[in-house]
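Undergrad: Sequence first, predicted model second:
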Amino acid sequence: SSMTNAWYTGQWDITQMTHPLSCLILTSAIAMKLGLAPFHFWFPEVLQGSPLTTGLLLSTVMKFPPITLLLMTSHSLNPTLLTIMAILSAALGGWMG
C-alpha cells in the first residue's frame, strides 16, 4: 500500500494516505494479518496444526503490530468497511465457535 501511495501521491508515509486504492490495500493486508472476516480462513487451520505455545503467540502477541498499524492509519481507512469486517468477524466467531 505504501508503494501505491508513493506512486499516486509521491509520499512514502503510510500515516498520510489519500488514495483510495492504497487505503483498500492497507485495510486488506491488516485484516488478513489479524484474521478478520472474510480473510479469516487461514487462521483456524494454522492454529489447529500448531503446538500450544505457537498457537498462543499467533493468537496474542502477533496481533499487536497490526493493531498498532490499524490505530496509526485509522483516520485514512474506510470506517464502514472496518465496521462490516468487525461485525462479520464477531458473528462468524460466535456462530462457528
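TA: Done, it's in.
Undergrad: Report the residue spans of the protein with pLDDT below the cut-off.
TA: Low-confidence segments of the chain (pLDDT under 70): 97.
Undergrad: cutoff 50 now
TA: By pLDDT under 50, the chain has no low-scoring segment.
Undergrad: Would you check how far apart residue 92 and residue 51 are?
TA: Distance from residue 92 to residue 51, counting by C-beta to C-beta, to the nearest Å: 25 Å. Where you see a C-beta, it was placed from the backbone N, CA and C, and this is true even at glycine.
Undergrad: neighbour-wise, which of those two wins?
TA: For residue 92 versus residue 51, the count of surrounding residues by other C-beta atoms under 10 Å is larger for residue 92: 14 against 8.
Undergrad: Test my guess that that one contacts residue 37.
TA: Yes. If you go by C-beta atoms under 8 Å, residue 92 and residue 37 touch, sitting 5.0 Å apart.
Undergrad: Which elements pack onto the biggest helix by length in the chain?
TA: Ranked by residue count, the top helix of the chain under DSSP state H comes out as helix 79-96. Applying 3 or more C-beta pairs under 8 Å, 6 or more residues apart in numbering; DSSP states H and E, we find helix 79-96 packed against helix 20-34.
Undergrad: tell me what the helix or strand following the helix it packs on is packed against?
TA: For helix 20-34, the following helix or strand on the C-terminal side (DSSP states H and E) is helix 42-48. Counting contacts by 3+ C-beta pairs under 8 Å, 6+ apart, helix 42-48 packs against helix 52-59.
Undergrad: Many thanks, I have nothing further to ask.
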